[in-house]
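Novice: mind folding the following:
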Amino acid sequence: MQSNLAEKPEEIAEVIVMSPEEEAANRAALVEKLAGIIGGLDKLAKEQVTKRQHVENRWISDQTQFYGQYDQDTLKNLGDNNSQVFVNLTKNKVNGWEARLSDMLFPTDEKNWGIKPTPVPELATAVKNKDPNVSNAALVVVEEANTRAAAMELEISDQFTTSHYNIKSRQVIHHACVLGTGVIKGPVVANKVKKRWQAHTGQDGKVMHVLDDVSSVRPDFVVVDPLNYFPEMDARNTMEKTFDFERHLLTKKSLRELARLPGFDKDAVRSMIREGELSTVPDFVNQMRSIVQDGAQLEKRYEVWEYHGPIDGDDLRTICECVGDVRLMQDFEEVLEDPLKEMLAVVWFGNGKLLKFGAHPLDSGESLYSVFNLEKDDNCIFGFGIPHLMRDSQRALNAAWRMIMDNSALSTGPQIIVNKSIVSPADGRWELTPRKIWYAEKLRAGQSLDHAFKTASIDGNQTEMINVIKLAKQFADDETNLPAVAQGESGSHQTQTSGGMSMLMNSVNVVFRRVVKNWDDDYTTQNLRRIYDWNMQHSQKEEIKGDYDVDARGSSVLLVREVQAQNLMQIALQFSNHPVLGRYTKTVSLYRKLIQAHMIPANDVVKSDDEIAADEKAAQQNPPPPDPEMEKIKMQLQVAQLKANTDIQVANMNRDTEMIKIAEKKNMSLEDIRGKLMIAKTQTDSKERQVAGEMGLKKEMGSGI
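Specialist: Numbering: from 1, shown residues only. The predicted model follows:
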């Protein structure tokens, strides 16, 4: 057994002179104290299981309703003679919510998050400073911060891709829509082993390539089944909780695989397997499983608990001395010395044995569990799902449909009334069948065979029940905030214009904005902050480290795509070629945003900035060929000018001809006629000047002159 006592020389002698019996007794005392610590954690876990029973009862009802089944009490009340049909509107609503959230939060061309440098007002002011020395220095700092932030965002994006973050997040959305709560854990350390060819130099100097196993440490995220997640149940929300428990029901094979992971005590796991103390699977788990798999039950499993929470100094000392972890005692020496301080730890235990113990992986101390609720409960960490929200509407719908089926069965044919004193069946059976033979009995006074059979019809009430069904569906739309128009159906309200549809979709999105905002606050922001802290603490890439803010933009960007697409199209049509505003519009950026709003990767359709610059440069070097339309217009102008000149020449010739004719009639020469025309023109011009002068004089002197 290793201990930090070895660092204190004055205590070494005491350890050396201890007899084997004393060492055994000391060891037994430590083991007993460790068993008490594990027992305390196990008791605390069982308390959370008991406090969560009201939530589990609701989950059983939610799961049963989602899969279109009746609970046992309802089936018992219905009996065998009544209809047991189930109209599964719940699954339709759950799928609608799940599909819409998944589509909005995880598009194909844009992330719902980002990383940006922490704003520093002093630097922003310095960049605008007139002093070039100050502004240039500040600009260098800002550019370096932006470069590092971009590198961190790229690193996190790669880590999300490697850990299949989007796929796992869609599973969380499914859990939240059905049960009301989805849980993910991370970042946790994942040791990924890859096969890679490595170059090795032999003794003879030759280089050989050998296929080796290369291990790489990376952050990972794990979807936690809400059935096995037990936070501090007295807390009303995740901000108030101080610890988390996660239950693992493992087979022998899974337990062996657990022992291969770093940090696990192989001897403790080996002891669990040898003892073979399997635990009975909780009834709640089997009930949830039987709903999906038609009564299938899980066999006994090894129950292993994972605890994330505080450990005080005395417990820390006991655990470290038992496992021989001197370094951990040195790292948390202040916790050992000060009873007011505690250590955040991760403890795995099962069957009273400590399987793994370590410090919380993040120095920030933030819980590794993110909890997303579709509809929050103000008094509990676990929320409400779609089945719970529309429980009464689903019951009303089923009741009305069962009434229709039962009423239809009664009203399709008449009820037969038989007078047994008049007839009796030849075969002794009173059931009606085709071509049945009846014996006539002795008739009493006033009786005839016409009185042997009578019929009575049951009224059909399908119309009234159909109205109840329509009303129940309307209530379901209102209770789940998912009308038919949000599921791609036209619904009862027909919108005729694109503007009206845009307003309708925007009003529908109001509720989605609230849910997506919860996703941003409770899920995306927390996961981003933790993986950012993980990279700052554990990553070897210094070029990505800096002081950043996480930016969750699910509600601000992705949710309003339908409205954005229509608005962007209007802007593109109205302002791109506007005589005043067109020069202020970034046409290429506007086009990229328009393509993205239609869920199409912009890089696949729009040219990059480099390609656009190359095309402009080529256009400057090689002038484009003349526009055929412009050439056509030029030809038309030339033809029109030629025609106009010809018309003028023809007009002059006609004028000269007429003047010659006049001269012949008046016995005058052509020069005399031209002279008289000039005199007449001169007199006309003189009169026009005289009139203009008089008008100007009146304007200056007044009209009384």
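Novice: heading C-terminal from the helix or strand where Arg514 lies, find the next helix or strand.
Specialist: Using DSSP states H and E, Arg514 sits in helix 498-519. Tracing the chain C-terminally past helix 498-519 and defining elements by DSSP H and E, one meets helix 525-538 next.
Novice: average pLDDT for that next one?
Specialist: Confidence for helix 525-538, expressed as mean pLDDT, is 93.
Novice: elements contacting that helix?
Specialist: Contact here means 3 or more C-beta pairs under 8 Å, 6 or more residues apart in numbering; DSSP states H and E; on that basis helix 525-538 packs against strand 113-117, helix 132-162, strand 181-201, strand 207-224, strand 548-552. (Glycine included, C-beta is placed from N, CA and C.)
Novice: switch the cut-off to 10 Å
Specialist: The helices and strands touching helix 525-538, judged by 3 or more C-beta pairs under 10 Å, 6 or more residues apart in numbering; DSSP states H and E, are strand 113-117, helix 132-162, helix 165-179, strand 181-201, strand 207-224, strand 369-373, strand 548-552.
Novice: just want the angle from that helix to strand 369-373.
Specialist: Helix 525-538 and strand 369-373 meet at an angle of 170 degrees, taking axes from the mean of the first three to the mean of the last three C-alpha atoms, to 10 degrees as the criterion.
Novice: helix 525-538 vs helix 132-162, what angle?
Specialist: Taking the same axes, to 10 degrees, helix 525-538 and helix 132-162 form an angle of 110 degrees between their directions.
Novice: next, the buried residues of helix 525-538.
Specialist: Taking 16 or more other C-beta atoms under 10 Å as the basis for neighbour counts, the residues of helix 525-538 that come out buried are Thr525, Gln526, Asn527, Leu528, Arg529, Arg530, Ile531, Tyr532, Asp533, Trp534, Asn535, Met536.
Novice: circling back: can I get the helices and strands packed on helix 525-538 in JSON lines including distance to Leu249, mean pLDDT and mean neighbour count?
Specialist: Listed next are the helices and strands packed on helix 525-538 as JSON lines, based on distance: least, C-beta to C-beta, whole Å; pLDDT from 0 to 100; neighbours: other C-beta atoms under 10 Å:
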{"stretch": "strand 113-117", "distance to Leu249": "33", "mean pLDDT": "85", "mean neighbour count": "19"}
{"stretch": "helix 132-162", "distance to Leu249": "28", "mean pLDDT": "82", "mean neighbour count": "15"}
{"stretch": "helix 165-179", "distance to Leu249": "17", "mean pLDDT": "96", "mean neighbour count": "21"}
{"stretch": "strand 181-201", "distance to Leu249": "16", "mean pLDDT": "79", "mean neighbour count": "16"}
{"stretch": "strand 207-224", "distance to Leu249": "13", "mean pLDDT": "78", "mean neighbour count": "14"}
{"stretch": "strand 369-373", "distance to Leu249": "18", "mean pLDDT": "97", "mean neighbour count": "24"}
{"stretch": "strand 548-552", "distance to Leu249": "34", "mean pLDDT": "82", "mean neighbour count": "19"}
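Novice: out of these, flag the one nearest Arg395.
Specialist: helix 165-179 (17.7 Å; C-beta to C-beta).
Novice: could the C-alpha coordinates of the closest one be exported in CSV?
Specialist: Output of helix 165-179 as CSV, limited to C-alpha atoms (Å, rounded to 0.1, in the frame of the first residue of the first chain):
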residue,chain,number,x,y,z
TYR,A,165,-22.5,14.9,-31.9
ASN,A,166,-25.4,15.7,-34.3
ILE,A,167,-26.6,12.1,-34.4
LYS,A,168,-26.5,11.8,-30.6
SER,A,169,-28.3,15.2,-30.2
ARG,A,170,-31.1,13.9,-32.4
GLN,A,171,-31.5,11.0,-30.0
VAL,A,172,-31.7,13.5,-27.2
ILE,A,173,-34.5,15.3,-29.1
HIS,A,174,-36.4,12.1,-29.5
HIS,A,175,-36.2,11.3,-25.7
ALA,A,176,-37.3,14.9,-24.9
CYS,A,177,-40.3,14.7,-27.3
VAL,A,178,-41.5,11.3,-25.9
LEU,A,179,-40.5,11.5,-22.2
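Novice: give me the pLDDT for Lys130.
Specialist: Looking at Lys130, its pLDDT reads 52.
Novice: got the domain ranges for this structure?
Specialist: Each domain of the chain is listed here as a residue range: 406-484, 628-701, per automatic domain parsing.
Novice: give me whichever of the ones you listed is most buried.
Specialist: Across the domains of the chain, the average number of neighbours (mean count of other C-beta atoms under 10 Å) peaks for domain 406-484, which reaches a mean of 13.
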